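Enquirer: Sequence first, then the predicted structure:
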Amino acid sequence: MIKKTIAAIVLTACMSLTAHVAHADPLSYARYDQVRTTDLYLDLKADFSHKILSGYAELTLNWIDKSARTLVLDTNELNIAKVQVLAANGRWTAASFMLDKPDAEKGRALRIALPFQPQKVRVYYRTAPSAAALQWLTPEQTLSGKRPFMFSQSEEINARSWAPVQDTPAVRFTYSARIEAPAGMRVVMSAENDQKATGAGGWKFKMTQPIPSYLLAIAIGEIDVRNVGPRSAVYAEPQRIEAAAAEMADTEKMIAAAEGLYGPYRWDRYDMIVLPPSFPIGGMENPRMTFVTPTMIAGDKSLVDLIAHELAHSWSGNLVTNASWKHFWLNEGFTTYVTTRIVEKLYGEEVAEMNLQVEQEEALASLAKIPAAKQALVTRDPDTNAATYTDSNLVYPKGAWLLRTLEQRAGRDVFDPFLRGWFDQHAFQSATTDEFVAYLKKNLLDAHPEIMSQSELDEWLYGPGIPASAKRAASPRLAALDTQRAAWLKGELPTAELPAKNWIALEWMHFLNDIDGKATAAQLQELDQAYGLGKTGNNEIAYRFFLASVHAGYNVREPLNKFLMSVGRQKFVVPLYTALLKNPVEKDWAKGVYAKARSHYHPVTQASVDKAFKKQ
Ligand SMILES: [Zn+2]
């Protein structure tokens, strides 16, 4: 009998869940089927000595379910002081609230009990020094060493660690803010930034285009600004501003190229901020203010495809947003495809083809490390359990490969307007894979069924790996390089005779990817002596050279130490520590380096490297 009772309870629970499951995001507690945030105002003070933001958030609400009397917001480590609601008489009155028990991944639901459905709610709070989205740097961790620095990284679900919000990409809202910061520092946000502002009375921001919470962004520090185009500026620490401005000189050309393909840029300005080295990722497409790693400053614009990627998000991701993180490929696969199109317009077909080939080869190589069940673009499971989500790295090249396949078969005359139509018709909305499939059928496949069968489409979306029908990019320049590389590995072509002086960064990346695990320590030493790879300013090349050297047993401790002490990007440091730990000669040395470097890394990077150390 007990069994039956439990089964009945589970069934009831499931049924009440399915009642609002149509757009349920398992990573959020918000009941956005009942109420939606339409606007957010943040009034916060940054306290660098305690590493906290404190103040209040004011949410404007649109009630959909007229019987609802609870507002549920996502929070993570927020200390809530009080909650107020705006009464009909215009007065703010106290509302009672409770915080659920913390969940390790999702944080705590803030449940606000409401006597009526207020239009506005204020939550007074402060963040924790360990807030997942915020990194507080000491002056020593900046270039000038004079002032501290703070920046946010809200994607995917960390906005809730610095603001109580409906933290799901399914909800969009406009926002404004007033931020107080210590004198001598500048505040920037993913909003309108006034270059002439002084911060007197607080730094003020306004974002008039509705965004999902993961695009809320803030940075505070000793920050300079230089215009690099009619609607673009670059922000950076004063010591880096000149180099950053020079590297970003092609930004306006990039915006124009993207507009030529997918229609007007809809966010007015495209500014960028180059963050200190501990920024854990390459770039973050915060609208109006892309956040980028300083590792993209190579000195020769060889890594600006990173900017092309973040700019591409102005259409794919920021304008048309995945409705939950299950549909991440709609953000990143589309963006990866658009990036190559922008690169082609700016740097020509040959460079774009090389870019694509390297991307596809790295995707195929990564398959060996990803369980088959995680290799789909999207899981067929109902969107109620984030643990079933697919591999978030693979969706970038695999999603792009699906779009490339459709483009190759449809022809650009048909495919380009098709893709532009997707962005236009879903602008400032969130979308699911099913919505894309419906759009694909209606606007492409119904009229041209020969382009892709249902079973092939299903294979792309729900199957493992890359379908055998996929065409691989083949760059003639990389093919020539392959012949030389094979001869060099066999010792038939001397290092001095490699035509490497003329190689662009992509050719080096391809070469180093292919010799990793094959070249000997002596061969790597020769390469290093001939081309100064240990000293290259291009971090993508340096990373691949160090990885191949550690695998081969070529001693690169001196430049690698410098690299690991000054670069905090996860993509580079996690594989490098992993390789060092596998090498008995380097293991203890790696421990010593990490002991010193750890405090320079972002908490996200620290957690990943800690995990690599624990595995050993
Ligand atoms: Zn991206």
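Expert: Perfect, I can see it now. Quick caveat: nothing in here was measured; it's all calculated off a predicted structure.
Enquirer: only C-alpha atoms for contact and neighbour calcs from this point on.
Expert: OK.
Enquirer: my read: residue 505 touches residue 302, true?
Expert: Yes: with contacts defined as C-alpha atoms under 8 Å, residue 505 counts as touching residue 302 at a distance of 6.2 Å.
Enquirer: of these two, who's got more company?
Expert: Regarding residue 505 and residue 302, a neighbour count based on other C-alpha atoms under 10 Å identifies residue 505 as having more, with 19 against 16.
Enquirer: OK, contacts around the more buried one?
Expert: Contact partners of residue 505, counting by C-alpha atoms under 8 Å, 6 or more residues apart in numbering, are 302, 538, 541.
Enquirer: one step back: what touches both of residue 505 and residue 302?
Expert: Counting by C-alpha under 8 Å, 6+ apart, the contacts common to residue 505 and residue 302 are residue 538.
Enquirer: Look up which residues are beta-bridged to the most centrally placed residue in the chain.
Expert: For the chain, the residue whose C-alpha lies nearest the mean C-alpha position (C-alpha atoms, centre = their mean) is residue 284; its distance is 4.8 Å. Beta-bridge partners recorded for residue 284 (DSSP bridges): residue 291.
Enquirer: Model confidence for it, exactly?
Expert: At residue 284 the predicted local confidence, pLDDT, stands at 98.
Enquirer: cool, and the one 3 residues further on?
Expert: Per-residue confidence at residue 287 stands at 98 (pLDDT).
Enquirer: again, but for residue 140
Expert: Turning to residue 140, the model gives it a pLDDT of 88.
Enquirer: now residue 261: how far from residue 421?
Expert: Noted for residue 261: a distance of 11 Å to residue 421, by C-alpha to C-alpha, to the nearest Å.
Enquirer: circling back to that earlier point, contacts only, for the residue nearest to the centre of the chain.
Expert: Contacts of residue 284 (C-alpha under 8 Å, 6+ apart): 153, 290, 291, 292, 310.
Enquirer: biggest separation within the residues you listed, which pair?
Expert: Taking C-alpha to C-alpha as the measure, the contacts of residue 284 span a maximum distance of 14.3 Å, between 153 and 310.
Enquirer: What is the lengthiest helix in the chain packed up against?
Expert: Using DSSP state H to define each element, the chain has its longest helix at helix 328-347. With contacts defined as 3 or more C-alpha pairs under 8 Å, 6 or more residues apart in numbering; DSSP states H and E, helix 328-347 has these neighbours: helix 251-262, helix 305-312, strand 320-322, helix 349-366, helix 395-410.
Enquirer: Throw those into a markdown table and include distance to residue 565 and mean neighbour count, thanks.
Expert: As requested, the helices and strands packed on helix 328-347 are arranged in a markdown table below (distance: least, C-alpha to C-alpha, whole Å; neighbours: other C-alpha atoms under 10 Å):
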| stretch | distance to residue 565 | mean neighbour count |
| --- | --- | --- |
| helix 251-262 | 30 | 19 |
| helix 305-312 | 22 | 24 |
| strand 320-322 | 36 | 26 |
| helix 349-366 | 26 | 18 |
| helix 395-410 | 29 | 22 |
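Enquirer: before we move on, the earlier item: among the contacts of residue 284, which one lies nearest to residue 438?
Expert: Where these are concerned, and distances follow C-alpha to C-alpha, residue 438 has its nearest neighbour in residue 310, at 26.9 Å.
Enquirer: Hmm, that closest one is touching residue 288, no?
Expert: No: here residue 310 does not reach residue 288: they are 10.7 Å apart, not a contact under C-alpha under 8 Å.
Enquirer: Need the phi and psi values for residue 137.
Expert: Here the main-chain torsion angles of residue 137 (degrees, to the nearest 10) amount to phi -100, psi 140.
Enquirer: Is it bridged to anything, and to what?
Expert: Assigned bridge partners for residue 137, using DSSP bridges, are residue 149.
Enquirer: Could you report the separation of it from residue 279?
Expert: Summarising the geometry, the distance separating residue 137 from residue 279, computed by C-alpha to C-alpha, is 11 Å.
Enquirer: who has more neighbours, the two?
Expert: residue 279 (29 against 22).
Enquirer: Three-state assignment for that one, please.
Expert: State at residue 279, reduced to three classes by DSSP: H, G, I helix; E, B strand; the rest coil: coil.
Enquirer: which non-adjacent residue is nearest it?
Expert: residue 293 (5.9 Å; C-alpha to C-alpha, 6 or more residues apart in numbering).
Enquirer: Let me know the pLDDT of that neighbour.
Expert: The score at residue 293 is 95. That number is its pLDDT.
Enquirer: ditto for residue 23
Expert: The predicted local distance difference test score for residue 23 is 50.
Enquirer: and if you look at residue 602?
Expert: As summarised for this prediction, residue 602 has a pLDDT of 88.
Enquirer: Distance of it relative to residue 395?
Expert: According to C-alpha to C-alpha, residue 602 and residue 395 sit 24 Å apart.
Enquirer: before we move on, what about residue 505?
Expert: Taking C-alpha to C-alpha as the criterion, residue 505 is separated from residue 395 by 24 Å.
Enquirer: what does residue 344 give?
Expert: Taken as C-alpha to C-alpha, the spacing of residue 344 relative to residue 395 amounts to 21 Å.
Enquirer: OK, contacts around the nearest residue to residue 85 once chain neighbours are set aside?
Expert: When the adjacent residues along the chain are set aside, residue 85 lies closest to residue 121, with 4.5 Å between them (C-alpha to C-alpha, 6+ apart). Contacts for residue 121 were tallied using C-alpha under 8 Å, 6+ apart; they are 58, 59, 60, 61, 83, 84, 85, 86.
Enquirer: Please apply the same query to residue 54.
Expert: Taking C-alpha under 8 Å, 6+ apart as the criterion, residue 54 is in contact with 44, 45, 46, 47, 124, 125, 126, 127.
Enquirer: Count the neighbours of the last one for me.
Expert: What it means is residue 127. The number of residues packed around residue 127, counting by other C-alpha under 10 Å, is 25.
Enquirer: Was I right to think it contacts residue 78?
Expert: Yes: between residue 127 and residue 78 there is a contact under C-alpha under 8 Å: 4.9 Å.
Enquirer: what sits in contact with each of these two?
Expert: 161, 162.
Enquirer: quick one: what helix or strand has residue 56 in it?
Expert: Assessed by DSSP states H and E, residue 56 sits inside strand 52-63.
Enquirer: And for residue 151?
Expert: With the criterion set as DSSP H and E, the secondary-structure element containing residue 151 is strand 149-152.
Enquirer: need the next SSE after that strand, C-terminal direction.
Expert: Next helix or strand after strand 149-152 toward the C-terminus (DSSP H and E): strand 172-180.
Enquirer: what helices or strands is the helix or strand following that next one leaning on?
Expert: Helices and strands here follow DSSP H and E; after strand 172-180, the next one along the chain is strand 186-189. On a contact count with 3+ C-alpha pairs under 8 Å, 6+ apart, strand 186-189 meets strand 218-221.
Enquirer: So what touches the strand it packs on?
Expert: Applying C-alpha under 8 Å, 6+ apart, the set of residues contacting strand 218-221 from outside is 147-152, 181, 185-190, 237.
Enquirer: Likewise for stretch 573-588?
Expert: For stretch 573-588, contacts defined as C-alpha under 8 Å, 6+ apart pick out 543, 546-547, 550-551, 564, 567, 590, 605, 608-609, 612-613, 616.
Enquirer: low-confidence ranges in this structure?
Expert: In the prediction, the chain carries residues with pLDDT under 70 at positions 1-23.
Enquirer: returning to what we had before: CSV for the contacts of stretch 573-588, including neighbour count?
Expert: Shown next, in CSV, are the contacts of stretch 573-588 (neighbours: other C-alpha atoms under 10 Å):
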residue, neighbour count
543, 24
546, 26
547, 26
550, 25
551, 20
564, 23
567, 22
590, 21
605, 22
608, 14
609, 22
612, 16
613, 17
616, 9
